[in-house]
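A.B. asks: Prediction below, plus the sequence it came from.
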Amino acid sequence: MKYSLRIARDEVSFTLGLISIIGWSVAEIPQLITNYREKSAEGLSITFLLTWILGDLFNLFGCWLEPATLPTQFYMAVLYVVTCGILTAQALYYGHIYHRLKYNKRQHKDPKPNKLLAPVEVIPGGGDIGGKQVNDAERSNGSDTFGGEHILSSPIPLPEIPRSGSLERELYYMSARSLSRSHTPMAGSVLAQRMNYASLHAHNSIEEPLLGGLESRQSTRPPSIKTTLCVVSVMSFLGIYNFHRSADSKLYSAFKSQNEGVVIQVGRKLLQASRMVGGGQLQEKDFEESLGIGSFLGWGMAVLYMGGRLPQIFLNIKRGNAEGLNPFMFIFALVGNATYIASIVVSSLDWSRIKPNLPWLVDAGGCLLLDTVILYQFFYFRHCKPKENKLGHYNASLDDQGIV
Ligand SMILES: NC(=[NH2+])NCCC[C@H](N)C(=O)O
């Protein structure tokens, strides 16, 4: 009776783990599609992505080295690395390669820089001169779309402004993120029309150099990235230290387990799967060695994953919208994390099993809560946020500049 209950529990746990795997394997697809459509990954916080990458690596090695984690947890860790790798590659492509290629192509086709550019050309329907970047800026500056055509919010017909190649480049590299950081109005807005070219140059600190991204981001947003790197270095140092201390006993137990047909710890994972599906219990001694490097990496992972949600939440607040983010990524993450927790808890409620899995449980629970906040932001920005009227927006903007 107890034996069949054990089998049932293991099977339910395994099924929940599989649902979690499915949830996570599709989770990033909506965001990939959004980025593809917008030709940009601007909606995604860089720090969020960075913490995901690092968290995924911590998770992978943590699961690998932590015998008490489930086999499905390890497979998921591999899956995370793959999917996050794709998302990162895409973000890098749109942030650093795509617009450069497009610009080069345009230059190739039409080597002479545009001498005159009417405002309506500054904000093309998308995908033109860094279309997405300008479009984002346009949205956050209150311009609108009527009858499928982008027009400036200003009811006043704007004069054409003379432009040089480098000004064109400035507009090209200007992004929503940089604009959200600055009170400086975007080029093409009423205020920007008032500024002359020299003053635009003086404001070039607001440029988001998508082509040379990292350097300038480091100078404009030092604390978040530096803090992340700092935390990671400290943890890596402690990890290596911890690893050295536990290496001997780990190696000893790994080699000792060769007698049981397990050569490396991944082998032990697979064996663990078959033992568990077969209703067998892992030996208590397997958990005794749990609180070593695996658990340490697990806690590092939890801090990174949960910490990574905060910059995304703050970025959304700062921009006053969640544009460029796909809510379905967070819905699937919610499902993935909920079933992840359930798969562990259903498997066993013994403290000896829960304790080594604690970092993974805390992480999934914490991310679940933080994702609920992000989903609430989507809802709030769409349905509750008071709509800015165009004129009001400009007044606020002029007010910001101390002009009115
Ligand atoms: N690249 C990934 N999808 N990683 C998975 C992260 C899982 C983690 N619990 C979170 O919600 O953040």
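C.D. replies: Alright, I've got the coordinates.
A.B. asks: ok but W52 is inside a strand, no?
C.D. replies: No. Counting by DSSP: H, G, I helix; E, B strand; the rest coil, one finds W52 to be helix, located in no strand.
A.B. asks: dump the residue contacts of it.
C.D. replies: By Cβ atoms under 8 Å, 6 or more residues apart in numbering, the contact list for W52 reads 80, 84, 87, 304-305, 308. Yep, even glycine has a C-beta here, placed from its N, CA and C like the rest.
A.B. asks: Filtering those by proximity to the ligand, which remain?
C.D. replies: Among the contacts of W52, the ones lying near the ligand by Cβ under 6 Å from any ligand atom are 80, 84, 305.
A.B. asks: Now rank those residues by neighbours and give me the top one.
C.D. replies: Among these, the one with the most neighbours (other Cβ atoms under 10 Å) is Y305, at 27 neighbours.
A.B. asks: What separation is there between it and S348?
C.D. replies: For Y305, the distance to S348 (Cβ to Cβ, to the nearest Å) stands at 23 Å.
A.B. asks: Ok, L297 next?
C.D. replies: According to Cβ to Cβ, L297 and S348 sit 22 Å apart.
A.B. asks: now swap in L60 and tell me
C.D. replies: For L60, the distance to S348 equals 23 Å [Cβ to Cβ].
A.B. asks: Any buried residues in stretch 358-370, and which?
C.D. replies: Neighbour-count burial for stretch 358-370 flags 358-368, 370 (criterion: 16 or more other Cβ atoms under 10 Å).
A.B. asks: mind listing what's buried in stretch 96-108?
C.D. replies: Going by neighbour count (16+ other Cβ under 10 Å), the buried part of stretch 96-108 is 98-99, 102-103, 106.
A.B. asks: And stretch 13-30, by the same measure?
C.D. replies: 13-14, 16-17, 19-21, 23-25, 27-30.
A.B. asks: So C367, which state does it fall into?
C.D. replies: Put simply, C367 is helix when judged by three-state DSSP.
A.B. asks: coming back round to it: tell me which of L297 and S348 has more neighbours.
C.D. replies: Using other Cβ under 10 Å, the more surrounded residue of L297 and S348 is L297, with 26 against 19.
A.B. asks: ok, residues contacting stretch 299-309?
C.D. replies: For stretch 299-309, the external contacting residues (Cβ under 8 Å, 6+ apart) are 45, 47-52, 54-55, 58-59, 62, 228, 231-232, 235, 239, 359-360, 362-363, 366-367, 370-371, 373-374.
A.B. asks: To clarify, my last question referred to stretch 21-36.
C.D. replies: Contacts with stretch 21-36, where a contact means Cβ under 8 Å, 6+ apart, come from 41, 43-44, 72, 75-76, 79-80, 83-84, 86-87, 90-91, 94, 324-329, 332-333, 335-336, 339.
A.B. asks: Just the buried residues out of these, in ChimeraX syntax.
C.D. replies: Of these, the buried ones can be selected in ChimeraX as follows, counting by 16+ other Cβ under 10 Å:
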select :41,43,44,72,75,76,79,80,83,84,87,90,91,94,324,325,326,327,328,329,332,333,335,336,339
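A.B. asks: Show me the contacts of stretch 21-36 that map onto strands.
C.D. replies: Assignment to strands by DSSP state E places none of the contacts of stretch 21-36 there.
A.B. asks: out of the contacts of stretch 21-36, which are inside helices?
C.D. replies: Under the assignment DSSP state H, the contacts of stretch 21-36 contribute 72, 75-76, 79-80, 83-84, 86-87, 90-91, 327-329, 332-333, 335-336, 339 to helices.
A.B. asks: follow-up on the earlier one: near the ligand too, which of the buried residues of stretch 358-370?
C.D. replies: Among the buried residues of stretch 358-370, the residues that sit close to the ligand (Cβ under 6 Å from any ligand atom) are 363-364, 367.
A.B. asks: can these go into TSV with extra columns for pLDDT?
C.D. replies: Compiled in TSV, those are given as follows (pLDDT from 0 to 100):
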residue	pLDDT
D363	95
A364	96
C367	97
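A.B. asks: quick one: the strands in this protein?
C.D. replies: 116-117, 144-146, 149-151, 161-162.
A.B. asks: and F314, how many residues sit next to it?
C.D. replies: Other residues lying near F314 total 13 when counted by other Cβ under 10 Å.
A.B. asks: how close does it get to R382?
C.D. replies: Taking Cβ to Cβ, one finds F314 at 19 Å from R382.
A.B. asks: likewise S295?
C.D. replies: 41 Å.
A.B. asks: State the pLDDT value of F61.
C.D. replies: Listed pLDDT for F61 reads 92.
A.B. asks: Same question for the one 5 residues further on.
C.D. replies: You'll see E66 listed with a pLDDT of 83.
A.B. asks: Which residue is it, in the stretch 151-300 of the chain, that comes closest to the ligand?
C.D. replies: Nearest residue of the stretch 151-300 of the chain to the ligand: G298, at 11.3 Å (Cβ to the nearest ligand atom).
A.B. asks: Can you tell me the closest non-neighbouring residue to that residue?
C.D. replies: Nearest non-adjacent residue to G298, counting by Cβ to Cβ, 6 or more residues apart in numbering: P359, 3.2 Å away.
A.B. asks: measure F58 to P71 for me?
C.D. replies: Remark: distance between F58 and P71 (Cβ to Cβ) = 19 Å.
A.B. asks: Could you list the residues of the stretch 201-350 of the chain in contact with the ligand?
C.D. replies: Residues of the stretch 201-350 of the chain found near the ligand (Cβ under 6 Å from any ligand atom) are 305, 333, 337.
A.B. asks: what's near enough to touch the last one?
C.D. replies: So the one you mean is N337. N337 makes contact with 20, 364-365, 367-368, 371, according to Cβ under 8 Å, 6+ apart.
A.B. asks: Nearest to R37 among those residues?
C.D. replies: For the contacts of N337, the closest approach to R37 (Cβ to Cβ) belongs to D371, at 22.2 Å.
A.B. asks: list the contacts for that closest one?
C.D. replies: If a contact means Cβ under 8 Å, 6+ apart, then D371 has 309, 330, 333-334, 337 as its contacts.
A.B. asks: quick one: low-confidence parts of the stretch 201-350 of the chain?
C.D. replies: The model of the stretch 201-350 of the chain has pLDDT under 70 over residues 201-291.
A.B. asks: go again using 80 as the cut-off
C.D. replies: 201-292 (pLDDT under 80).
A.B. asks: Where does it get nearest to the ligand, residue-wise?
C.D. replies: Closest contact between the stretch 201-350 of the chain and the ligand, by Cβ to the nearest ligand atom, is at Y305 (3.9 Å).
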